[in-house]
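With the input below, show me the fold.
(chains A, B, C and D)
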Amino acid sequence: MYMDQLNQAVKGGIAPFHEYLLQGSIVDSSKDVLVHRLRGLCDNADSNPEAFHDHEMIFSLKGSPQQQPMTVYLRHSLIQTDCWHLRYVGSTEFGDKTRQTLVRSCVDIGVSDSIVKFLNEIGFKLEYEFVAKGYFFHKGRMKVTVSKLFKMNIQGDVNNIDPLTLSCLVELSVVVPTGQEQVGEDMKNFAEQLKPLVQLEKVDHRRQQQAAT
Amino acid sequence: MALAGVTVSIEAVHENQIQEVTLDGQEICVPPLSMSECLAKSAQKIDFAEEDGEEKGKTTSEEETEAQEKESSAFQPSLWPWDSVRNKLKAAYTETGVLLDVLNIAKEKKYMVLAHVQQDTNEPKSALQILAKKKAFGLQSISSGLSTAASVLMGGADRLKKSQQEIGNRQQTEFHFELHNLRQNWRLKKVGNSIIGDLSYRSAGSRFWQGGTFEVTKNTMLPSEQVEGTNTHSALEVVIPSELEGSSYVQVEVKHVSESTGLMHATLKLPNSFGKYPADAHWQTKLEVAQNVLFCKELFSQLAREATQLKSSVPHVVVGNQIFTNIFPSVQLSIILCHATGKGDEKSQPRPPKVEHNHVLEHSLHQLLREVHHKTLHLDPPHPVTATFGMTKRRRLAGPSGMSRADLKEMSESETLLEQIIKQARHEVLRVRTMTTIDRLASTIPDPQIMAHWSCLNSSLQSNVKIIITSNGYDGLRLTWQSLDLEIGTDSIKVVTKDRRILMLSFLEKELEDLIRWQVSQHHISLSQNLARLMGWQILSYNGCSGVGEMEDFATASSIQLVAPNNDRMLSIRSGITSGLHVYLKIDSKDSLDPSLTALVDPKWLNLSGTFKEIDMEQIDGRNFAAKLEFIMAMVKQKR
Amino acid sequence: MAENQTESLIQAIRCTQKLRASVANVFQSLADGCPVEKDNAVAAIGAFQESLLVVYNDFSDVEKVSSSLQPLSSVTPNSIYLSIDPAIDKLPVYQQIIQSYKWSNKVSDLAGYAASVMEPHAKSKRTTQYSSAQAKKVKRISPTGHAVAPTAVEACIARLTQKVPDISMKITHPLGSHAVLQLTLGRILKAQLALRGLIIERVNVRGLTETNLDESQMELWSRSKYDVFQKVTESATAAVLHFYFPHNAEMSLYTFLHWFQKFRTLFSAPCQKCGKHYLNGLPPTWRDLRSTEPYHDVCRQ
Amino acid sequence: MGVVCVYAFPVPEGKSGQQVVDSLQKQVELLGAVKTGNFSVDCETYQANTQAGTLTTTPQRLIHVLHNSEQPASCFSVLDTGTTLIADVLFDVLIHKLTSGKAGKEAFYQQRKGSKMESKGPRYELSDFIIKIGSVSMASNFKGILVEVEYSPCSVPTECWNLMRELMQSFMGNVAETPPTLVKNKMDNFYLPGDTINQYLEHFTNFRKQTVMGQPIR
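Residues are numbered from 1 along each chain as shown, chains lettered A, B, ... in the order given. Modelled structure (predicted):
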């Protein structure tokens, strides 16, 4: 069943999945409190929070002006080093203001370790890269990550890193097959419970980018 | 250094004060004082009686000034040695002043800590004796003041402690304290005015529809009204939904259909004591029992759902609170949910004949459901963290590692609880059958010996047993062993013999029995073969399936012909599975030789004649066949 | 002097006995009492006096004899009385010893011959139920291979690792104290060996790339999905039965491993009988138990 | 992952491809192999979109995207430089994004016309061997026959080459005299799923070249 759906999607060339996303940030000093709260709220309260340590590289393909640039996000786990993950994120659906969360189509692809070479050879260029460290929680299918971002002093060297800011990025996300709308509500409710500590909101990246430029 | 001139360092004479000179002239020195002792001593030197009212304010006000004061006043006693006597009248007044100061200092910790001085009470005392004449009065006044102050303080502390304890004791029986305890073990929330708790397994991964909410109320009954002897009175009561009251368990039985005719009405009768727990049981037990009821219900409903959905050649039957399924022909597995409400509506039911409840299977059922729960919660965390969540690591890597179709298929397969428990039950039945068969054969067949070696590492679906067939007294001779390895699976037994023959046996005991009996008959032949070789006899022929003689019920008899070293005696041994063991001996006698053949020169031709005669093995001395055969061989040879 | 000593000792003992008897007599008569009659009284007193006199005499005897005895110093060890023994030279001890020595030498020689003569028979047969004394002795050494301390198992495995270099071994204890050996044979296969003490209870052979579906299931129980490894498992099981020496578990483990390491050439060695690799979809999956040469399943006999 | 050898089986003159396939099938069945369904390996080739303008910075690369029914969860992409990427099947979506223009914009890559090749046929199992007899077609024209033999328990070619050769020669004859070049180059290494795909790609490229040689350029 899953395969059928997938094949259809592949043939149609549309991403079969949508990501619902809320973002926020918290200063380092309060991070422990948040982690503590999350442990209580999420599943597996009995075990220690799962730590992660990833290296993310952002590649983009820019051709002539007639061509729409294309960006992909490549993540490599530094804990399970055989795991590489390529992600393509579609444009955000903003039309609907009533939506509780940011919704965007996405394609998640597990890839083998030759991916960097492959991307370079078909014309992709490395835009920037960073290292993310932090904790992962889940409640049902909701993913919560508390990650600290580090900038890399030397390109490609994941050990020589410095923290980017004095705060942590908090993300609440769910990836579901197209057409499951009630997820947003669940996420909003969950975000409410973290309220005084961290404000999870839908972030308009485009507006941010415009503000920056 | 040298150019700068000679440096002269000055230090105090290293000399200790002599405390006592003993009769033999030895000097006992006062050990040098440490810094704190020094301070304590100089503090004691202060004649507080000397201080007047003006200074009082200063001492309390500032630490540093006080310290300075101390230093300056430290020498006063020596300057005014006799003044204390003169000021006797003034002393009474000053004393109270000092006490006030001390209390001030003691109360406000920031000025001074009293601990050090108290520790050194012994030492000052000896000093006190020496200085007694000089300033006995002043010091005594200080020490008495201090002790009064200390006792006041201690008294206060004691009272505080006592009151604290009293409060604690009182609270233990109180509602809020209990609630606090409850809160630590169970999920509670407040809705309106009532407190609702949840005893379901949802937070542990269960997806069962039935909720397990309970209400927490205050116990209005006073402890005095309680029946004496029950010291478990608690101020808190829990109200459990009626469908979760009582207690329950899941009964698993494996039985032979032929043995119990009225299968369908083998409804479970509960022992009378079961399902009742005192109405005033502690809330913890109540909740635990209720939780168990809920768990059993979930387990049973899950199994029942699977039973109806599962397609099998013999359909599973779900009747009321019972599930029946055939695991082998005429062997039935029944899973029954027993729920006793414990409401006293129990009719005095006749005790049913004791049916064997399989605790192992019940336990593994519980374990299986808990595993399901665990799996719904404990998903593999994604790495990198953006990766798709909800897949195992293996599944995530399936694409990039190019996993084959077979592996993927294997991974996606999952078994239902019912299937798993049926498998386990099958294995269990099979194992018990094998065990009893081997034991029965081992006890009925005295010669050779059958030994079974059950392996200590078993899984719930597989176990191994090695069967070794030996003859008593000859087990040092490894070649004569007949051994096989049985791997008991879920519905068949795989047999590997020592010479690497693979046999698959079905679930029928008969097959195993036949196999072992056949191996026993084979053992006799191989034993004779090896014995013959060792005794110097020759093996003329060996026939694994001899066609002559009595027909066996199954398989075939085997036979072996042996000839003595001198070629004049011959033994023929025939070992059949059902026909038993027969030994025939041929002794050729020259007299019985055909007279026409006497012309033959070569004596070997003489051996052609003669008839085989059966030896009555019963009459031969020896413990078992091996010993008897050896005896025969030796005897026959010797006669020559 | 020694003679005198003993004689006087004997005499002293005798006197003491006498004294004892007389004293006993006195008391006896006292205890018996006597019918008190007028004329009898004097006689009775006389008799009593007499018996007392005897006691007195005896006592003085004892005293006399005891005075003649020399006090024995209790410190002196008994060995001092060796000197009391007669002169060695006069006794035939030496000859006797020589003789018995020769005799025992002869016995041991003959026993040696007998042993060498009887050895082939003895090896072949019985744990001798005839000579019961020996049988009992044999019985007492019951196999202990199953009850070996985990540390001893580890030490044994460490020894075996050196002896069988082709196999890399890892000890795990998945369930309790009994070890499960994880064997990896080159790039060919891996195997699990369930041990009880040092006795092999189960072998399971699987492919190098075969992974466990989930961690909870032990590899020991999941059968390989490849026919070839199932066949090898069967061969190994049969070999375990063959190499089973309950009295020398380490040896049986070693011989098994030694045999098992020949599966290094599972895919590459041709059958010794038909000279081919391939037969019915399988390579030679049997290794001869003695020569360890590869054979196809059907080619081995 | 076992060792896989892929051979192009020649179609003699005067025989149709179907006849050869049939006779091979019969041979394999005689060996005792059991048919276990069908298989397919397909290959699609993409090239950089050169029409988009002269300013393009995209290198002139060919991307071959292959799927093997034996690895249903994977999508293989091979560049003409030899770089092989193995990814989830969802990678197709990304390829689609790369090749489809949006909102009037041009795409980076475009599909080569009529380049889709496929090898399809029955799949047999013989003990631990998997034998696949595939007919290669390019744009629904028959191009030739590819026989794939996999020995799954072993993943080092040197170990099991002789074993495999004996089996292969028993139904293919001299075709399987030596290992395929790709396997020969890494006899002593572990065989990986990507190697199978590269063998197929090599054969596909050969077939394509033959076509080009055989037919005058249009």
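
Residue B:429 falls within a strand, correct?
No - using DSSP: H, G, I helix; E, B strand; the rest coil, the assignment for residue B:429 is helix, not a strand.

ok, it - how many residues close by?
Using other CB atoms under 10 Å in any protein chain shown, residue B:429 has 20 neighbouring residues. Yep, even glycine has a C-beta here, placed from its N, CA and C like the rest.

which residues sit in contact with it?
Shown in contact with residue B:429 (CB atoms under 8 Å, 6 or more residues apart in numbering or on different chains): B:254, B:327-328, B:331, B:507.

Can you add pLDDT and give the residues you listed back as TSV?
As requested, these are exported to TSV (pLDDT from 0 to 100):
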residue	pLDDT
B:254	81
B:327	82
B:328	84
B:331	83
B:507	86
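
Check those one by one and keep those near chain C.
Filtering these for proximity to chain C (criterion: CB under 8 Å from any CB of the partner chain) leaves nothing.

Please name every helix or strand in contact with the helix or strand hosting residue B:372.
Using DSSP states H and E, the element containing residue B:372 is helix B:359-377. For helix B:359-377, the elements it packs on are strand B:247-256, helix B:283-309, helix B:417-444, judged by 3 or more CB pairs under 8 Å, 6 or more residues apart in numbering or on different chains; DSSP states H and E.

in stretch A:101-119, what's buried?
By 16 or more other CB atoms under 10 Å in any protein chain shown, the buried positions in stretch A:101-119 come out as A:101-112, A:114-116, A:118-119.

For the closest residue to residue A:199 other than its chain neighbours, grab the count of nearby residues.
In space, and not counting its chain neighbours, residue A:199 is closest to residue A:24: 5.2 Å by CB to CB, 6 or more residues apart in numbering or on different chains. Neighbours of residue A:24 under the rule other CB under 10 Å: 20.

which residues touch residue A:24?
Here residue A:24 is in contact with A:169-171, A:194, A:198-201 (CB under 8 Å, 6+ apart).

Using CSV, lay out those together with distance to residue C:293 and pLDDT.
Shown next, in CSV, are the contacts of residue A:24 (distance: CB to CB, whole Å; pLDDT from 0 to 100):
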residue, distance to residue C:293, pLDDT
A:169, 66, 92
A:170, 67, 92
A:171, 64, 91
A:194, 71, 86
A:198, 72, 87
A:199, 76, 86
A:200, 71, 85
A:201, 75, 84
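
how about those residues, which pair is most distant?
The span of those, defined through CB to CB, is set by A:169 and A:194 at 13.7 Å.

Report the secondary structure element holding whatever residue of the stretch 101-250 of chain C ends up closest to chain A.
Closest to chain A within the stretch 101-250 of chain C is residue C:211: 13.1 Å, counting by CB to the nearest CB. Using DSSP H and E, residue C:211 is not contained in any helix or strand.

now the strands: where do they sit in chain A?
Along chain A, counting by DSSP state E, strands occupy A:17-27, A:50-61, A:70-77, A:84-92, A:102-111, A:125-139, A:142-152, A:161-163, A:167-177.

on contacts alone, who are the packing partners of the fifth one?
Think strand A:102-111. Strand A:102-111 packs on strand A:17-27, strand A:84-92, helix B:393-401, strand D:84-88, helix D:91-99, going by 3+ CB pairs under 8 Å, 6+ apart.

Just name the most buried of those.
strand D:84-88 (a mean of 26; mean count of other CB atoms under 10 Å in any protein chain shown).

near chain B at all, stretch D:63-82?
Yes - for stretch D:63-82 and chain B, the contact criterion (CB under 8 Å from any CB) is met by D:69-76.

Now do that stretch: distance from first to last residue.
10 Å (CA to CA, to the nearest Å).

Please work out the average pLDDT along the helix or strand encompassing residue C:12.
Using DSSP H and E, residue C:12 sits within helix C:2-32. For helix C:2-32, mean pLDDT is 82.

got it, and stretch C:170-188?
Stretch C:170-188 comes out with an average pLDDT of 83.

Would you mind measuring from residue B:470 to chain D?
Separation of residue B:470 from chain D (CB to the nearest CB, to the nearest Å): 37 Å.

Count the residues that sit near residue C:247.
13.

and what of residue B:484?
Residue B:484 has 22 neighbours, counted by other CB under 10 Å.

Equivalent analysis for residue B:256, please.
11.

residues contacting it?
Residue B:256 touches B:330-332, counting by CB under 8 Å, 6+ apart.

I'd like the strands of chain A laid out as CSV, including distance to residue C:41.
Output for the strands of chain A, formatted as CSV (distance: least, CB to CB, whole Å):
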stretch, distance to residue C:41
strand A:17-27, 130
strand A:50-61, 121
strand A:70-77, 129
strand A:84-92, 135
strand A:102-111, 135
strand A:125-139, 123
strand A:142-152, 127
strand A:161-163, 132
strand A:167-177, 130
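
For residue C:199, find the nearest of those.
Between residue C:199 and these, the shortest gap by CB to CB is with strand A:50-61, which sits at 42.2 Å.

Each with direction, which strands does that closest one pair with?
Applying DSSP bridges, strand A:50-61 is found paired with strand A:70-77 (antiparallel), strand A:125-139 (antiparallel).

circling back to that earlier point, so among the contacts of residue B:429, which ones count as buried?
Neighbour-count burial (16+ other CB under 10 Å) is assigned, among the contacts of residue B:429, to B:254, B:327-328, B:331, B:507.

from the residues you listed, which is closest to residue C:230?
Nearest member of the buried ones among the contacts of residue B:429 to residue C:230, counting by CB to CB, is residue B:507, at 21.0 Å.

Over to the closest one. Which of the three states is it?
coil.

interface residues of chain D facing chain C?
Counting by CB under 8 Å from any CB, chain D sits next to chain C at D:1, D:32, D:126-129, D:151-156, D:158-160, D:162-163, D:166-167, D:170, D:190.

near chain B, which of these show up?
Among the residues of chain D next to chain C, the residues lying close to chain B (CB under 8 Å from any CB) are D:1, D:152.

Give me the subset of the residues of chain D next to chain C that lies in strands.
Counting by DSSP E, the part of those found in strands is D:126, D:129, D:151.

neighbour-wise, which of these leads?
Using other CB under 10 Å as the neighbour criterion, residue D:151 leads these with 30 neighbours.

the strands in the stretch 151-300 of chain C, which residues?
All strands of the stretch 151-300 of chain C, identified by DSSP state E, counting those that start in this stretch, fall at C:167-172, C:180-185, C:189-196, C:199-207, C:286-287, C:294-295.

Would you tell me which of those strands gets closest to residue D:94?
Closest among those, using CB to CB: strand C:199-207, at 33.7 Å.

Give me the contact status of the closest one with chain D.
Yes - counting by CB under 8 Å from any CB, chain D is contacted by strand C:199-207 at residue C:207.

Quick one: list the elements packing against that strand.
Looks like strand C:199-207 contacts strand B:463-470, strand C:189-196, helix C:227-242, helix C:249-260 (3+ CB pairs under 8 Å, 6+ apart).

repeat that for 6 Å
Judged by 3 or more CB pairs under 6 Å, 6 or more residues apart in numbering or on different chains; DSSP states H and E, the packing partners of strand C:199-207 are strand C:189-196, helix C:227-242.
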